[in-house]
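Undergrad: Task: produce atomic coordinates for the following.
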Amino acid sequence: MRVIVVGAGVVGTMHAWHAVNRGHEVVQIERESEARGASLRNFGQIWVSGRAGGEELETALRARELWESIGARVPDLGFRACGSLTPVRTARETVVAEAAVARPDAAARGYKLLTAGEARALNPALRGDFTAALWCERDAAVEPRTAQLALKRELLASGRYTYLGGREVREVVGTASVRDDHGDVHTGDAVVLATGAWLGGLVRELAGPDLPVRRVRLQMMQTDPLGEPLTTSVADADSFRYYPAYRGEALDALNAGQVQAPTAAEHRMQLLMVQRRDGGLTIGDTHEYEHPFSFDTVEEPYEHLTAVVESFLGRPLPRIRRRWAGVYAQCTDTGRVVHRQQVRDGVWLVTGPGGRGMTCSPAIAETTANELGW
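TA: Predicted structure coming up:
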C-alpha cells in the first residue's frame, strides 16, 4: 500500500510512522520546509492526568504506551517518564485533588496525593510554599522542537518513506490522489490530511464550512537553564479548571469559592511547566478562542506565570529567552478525541485533537490505520 500524508506535525508524522512500520510506502508532504505549527510550540507533555474517562483516557493511556516504545527505539525523541505534580495550597484545591485520587480510574492514571515533604523528595526543586501535591505517575514528556525531526530520520532509514517539504497540497484529483503547488500529482491507496490548524483552503473546500473544529491560540515562554533538575512536570491548581478529569462537586466548589487571579481569568490561564533537555523550562499557557486572534503577545500572562512558578520554586525564575504564540485545532465538541472524516474517495481528514494532540497522536494514528485496514 502507498499512503500519502499531508502535514508533518505530530499527528501527520505518527500516521506516517504507523504506515511505514506496517510495511507500507509513505509520501509525506508539508507546506513548510519543516513543520512549524503547534506540535513544535507546545510542552511536549504526554498528559494523562487530566483526561476525561472512557475513550479519551483509553486513548491517552494507549498513546502513553506507544510513546514509551517509540522512545526506546528513537532516543532522540527525549522520552522521559517523569510524571507530574500539581501542588495545592488551599482547602478547596486539596478537596479537588482528593476527589481525583478517589476516582475509579485513579490507579490507571497513577494518581496519589502526596504531602509537601513527599512532593519535595520527588522533585527537590519545589522549595516554595504549598501544602500537598497531586502526583500523576503516568504523565511523561518528549522534546517537541525535535521530535518530528527524530521520527523523520528513523522513517527515512526504512527506505519506504519520502519527505517533500515546501509543498502545499492544492487539490484532490481523483481517488486517493492530490496535486501540490509544484504541479506534481501524488497518487496512493489512501490520503490522510493531518493539517492541524490549517482549516481553510483545501480543507474548507473538502469538509465544508461547518467543520466541527475550531482554532485556539495560546502564549508560552521558555527560560534559560534552571541550573538543577526539575524532575517532574508541574501544573498549578488552575489546571483543575480546564481538564475534564477534575469535574464534579469539588471543582464546582473551587470555582464558586476561589476565584482565579484577574490575569489568569482574563486569559483563561493555567500553569503547565516541563524542563527541556538543555535545562530550560517551557512554561504556559493561555487560551484564546474568539476570532480574529490577536497578532501580538501581551506581557501580563508572562508576569502571572513567572510569579506562580517562583512561588513553587522558592527562587527567581531564570531569564526568559523565548516568548511565542501558537494556534491549534480543537473539536467544538470537546468530548471528542479527534475529528476523523472521509472527505473524498480514499481521502481522510484527521484534525481537532486540541491540547491532546501531542499526548494522543500515536493512538489516534493507530486507530486510523486500523480503521482503514493498513
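Undergrad: Buried ones in the longest helix seen in the chain, by neighbour count?
TA: The helix that spans the most residues within the chain, counting by DSSP state H, is helix 55-73. Residues of helix 55-73 classed as buried by neighbour count (16 or more other Cβ atoms under 10 Å): 56-57, 59-64, 66-68, 70-71. Glycine gets a C-beta too; all of them are placed from N, C-alpha and C.
Undergrad: between those, which is closest to N255?
TA: E56 (21.2 Å; Cβ to Cβ).
Undergrad: So that closest one is in contact with D333, correct?
TA: No - the pair E56 / D333 is not scored as a contact, 11.8 Å apart, by Cβ atoms under 8 Å.
Undergrad: which residues are in contact with the longest helix of the chain?
TA: If you take Cβ atoms under 8 Å, 6 or more residues apart in numbering as the criterion, helix 55-73 is touched by 17, 46-48, 51, 77-79, 81, 105, 108-109, 138, 140, 142, 151, 154, 244-245, 335, 337, 356, 359-364, 366-367.
Undergrad: tell me the mean pLDDT for it?
TA: Averaging pLDDT along helix 55-73 yields 97.
Undergrad: partners of P353 in the sheet?
TA: Counting by DSSP bridges, P353 is bridged to Q330.
Undergrad: so it touches I364, yeah?
TA: Yes - counting by Cβ under 8 Å, I364 is a contact partner of P353 at 6.3 Å.
Undergrad: Need the residues touching each of the two.
TA: Counting by Cβ under 8 Å, 6+ apart, the residues touching both P353 and I364 are 11, 337-338.
Undergrad: Count the residues that sit near E25.
TA: By the measure other Cβ atoms under 10 Å, the count of residues near E25 is 17.
Undergrad: Surely it is in contact with R160?
TA: Yes - assessed by Cβ under 8 Å, E25 is found in contact with R160 at 4.8 Å.
Undergrad: picking up where we left off before, can you give me the offset of the longest helix of the chain from its chain's centre?
TA: Computed by Cα atoms, centre = their mean, to the nearest Å, the chain-centroid distance of helix 55-73 equals 13 Å.
Undergrad: after it comes which helix or strand?
TA: Downstream of helix 55-73, the first helix or strand assigned by DSSP states H and E is strand 84-88.
Undergrad: and that following strand, C-alpha only, in CSV?
TA: Listed next in CSV are the C-alpha coordinates belonging to strand 84-88 (Å, rounded to 0.1, in the frame of the first residue of the first chain):
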residue,chain,number,x,y,z
SER,A,84,3.7,15.3,37.1
LEU,A,85,3.0,17.2,40.3
THR,A,86,0.2,19.7,40.9
PRO,A,87,0.9,21.5,44.2
VAL,A,88,-2.1,22.7,46.1
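Undergrad: Fine by me, thanks again.
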